[in-house]
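S.K.: quick one, structure for this:
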Amino acid sequence: KIFAIRSPEVDDAELREVVTAVIAEQAPDISEPQRQQAITQFMGQLRDPWLRHFAAFDPATALAQVDEPVLVLFGETDAQVLPSQNLEPAKKALADNEDATIEVREGLNHLFQPSESGLPAEYASIDITFDEDAMAKIAAWINERFGG
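M.R.: Numbering: from 1, shown residues only. You can find the predicted model right below:
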């Protein structure tokens, strides 16, 4: 929703309204300071040319060409790569890959930390750097395919 309206014709005030609405929709229970921090962070990122290019990139074409084992993990609370928007396209892109594993890890954010809101503003306040169960899943997946 945010990137859909980002163009040179959209001024920062209108963009801030959309960012604020998206954050309110996706993380309605965060505190006001967290909300303001998330808005500020998104606004800064949306001005970055690399991020606009990255957001426009559709990985489905590249994924569909991969014929090696693939592990795709999503964090359930990830506010940056939403499972609700990305799970089905990932499954579709990898449908012909016989060794593609795709999972949503419950209660984890983009960094695979336990999280409720999933917003980047929360990352630094979470004591756990990387969920041990997710790490074990990754290690087991690698070991099953490549030994170790």
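
S.K.: ok, the most centrally placed residue in the chain - contacts?
M.R.: Nearest to the geometric centre of the chain sits V81, at 1.9 Å (Cα atoms, centre = their mean). With contact set as Cβ atoms under 8 Å, 6 or more residues apart in numbering, V81 has these partners: F74, G75, H110. Quick note: C-beta positions are derived from backbone N, CA and C, even for glycine.

S.K.: helix or strand right after the helix or strand of the chain with the lowest mean pLDDT?
M.R.: For the chain, scoring each helix and strand by mean pLDDT, DSSP states H and E identifies helix 49-56 as the least confident one, at a mean of 73. On the C-terminal side of helix 49-56, the closest following helix or strand by DSSP states H and E is helix 60-64.

S.K.: quick revisit: any chance of the contacts of V81 in TSV, with distance to Q85, pLDDT and neighbour count too?
M.R.: What follows is these, written out as TSV (distance: Cβ to Cβ, whole Å; pLDDT from 0 to 100; neighbours: other Cβ atoms under 10 Å):
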residue	distance to Q85	pLDDT	neighbour count
F74	10	98	21
G75	13	98	25
H110	13	97	18
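
S.K.: ok, the residues you listed vs Q45, which is closest?
M.R.: H110 (13.2 Å; Cβ to Cβ).

S.K.: report the distance from stretch 40-60 to the chain centre.
M.R.: Between the mean C-alpha location of stretch 40-60 and the chain-wide mean there is a distance of 12 Å, by Cα atoms, centre = their mean, to the nearest Å.

S.K.: apologies, that question was intended for stretch 67-87.
M.R.: A distance of 7 Å separates the centroid of the chain from that of stretch 67-87, by Cα atoms, centre = their mean.
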